[in-house]
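Undergrad: Need a 3D model of the following:
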Amino acid sequence: MAGRQSNGDRILPPLSSADQELLAAATDFIRSRYAENRHHIGAAVRGASGRIYLGLHLDTYVGRCSVCAEAVALGSALSAGETAIDAIVSVRHPRPKELHAEPKVVSPCGICREMLTDFAPGSDVIMTRDGELARVPAADLLPEKYRRAP
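TA: Below you'll find the model as predicted:
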């Protein structure tokens, strides 16, 4: 498939083999690290170098102290010297009592959308659009972003 329309105006490219690898890395990671009420989301970031960095959601009893998996993965990539981020994907592991048993791709929260547009503005987010997985520009997830005055 060469791409498909999304929201009637933009062609979204299909996932590449590198994107599938990124998705598999995030899925395998959260499957191996899932702990109920502690870690339920895993993220994988691919830097411009092609290297993949993983991040684990840190759930805390005081919700404001929790840290998103996307922030951990992005921080790892930047700390390792990446100067640009190509793509990111987040995968949520189901809780034991949920009907579906397989991890699923989730969209980044609002705080992570802010962080991605600040630190990885040219990156794409792999997420579900129109019922299929697609690469979506991070900037499209946060219209009319707050910016500091110059």
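Undergrad: residue boundaries of the strands in the protein?
TA: Shown for the chain, the strands assigned by DSSP state E span residues 4-6, 10-12, 41-47, 52-56, 85-92, 104-106, 124-129, 132-137.
Undergrad: With mean neighbour count, distance to residue 143 and mean pLDDT as new columns, can those be given to me in JSON lines?
TA: Yep, even glycine has a C-beta here, placed from its N, CA and C like the rest. Output for the strands of the chain, formatted as JSON lines (neighbours: other C-beta atoms under 10 Å; distance: least, C-beta to C-beta, whole Å; pLDDT from 0 to 100):
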{"stretch": "strand 4-6", "mean neighbour count": "13", "distance to residue 143": "15", "mean pLDDT": "47"}
{"stretch": "strand 10-12", "mean neighbour count": "14", "distance to residue 143": "13", "mean pLDDT": "68"}
{"stretch": "strand 41-47", "mean neighbour count": "27", "distance to residue 143": "22", "mean pLDDT": "97"}
{"stretch": "strand 52-56", "mean neighbour count": "22", "distance to residue 143": "25", "mean pLDDT": "97"}
{"stretch": "strand 85-92", "mean neighbour count": "24", "distance to residue 143": "19", "mean pLDDT": "97"}
{"stretch": "strand 104-106", "mean neighbour count": "15", "distance to residue 143": "20", "mean pLDDT": "95"}
{"stretch": "strand 124-129", "mean neighbour count": "20", "distance to residue 143": "14", "mean pLDDT": "94"}
{"stretch": "strand 132-137", "mean neighbour count": "18", "distance to residue 143": "11", "mean pLDDT": "93"}
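Undergrad: among those, which is nearest residue 27?
TA: Within the strands of the chain, the stretch nearest residue 27 is strand 85-92; the backing value is 5.0 Å (C-beta to C-beta).
Undergrad: Who are the packing partners of that closest one?
TA: Packed against strand 85-92, as judged by 3 or more C-beta pairs under 8 Å, 6 or more residues apart in numbering; DSSP states H and E, are the following elements: helix 17-33, strand 41-47, helix 69-79, strand 104-106, helix 110-119, strand 124-129.
Undergrad: can I get the strands of the chain in CSV with distance to residue 20?
TA: Formatted as CSV, the entries for the strands of the chain read as follows, by distance: least, C-beta to C-beta, whole Å:
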stretch, distance to residue 20
strand 4-6, 17
strand 10-12, 15
strand 41-47, 11
strand 52-56, 12
strand 85-92, 10
strand 104-106, 12
strand 124-129, 9
strand 132-137, 9
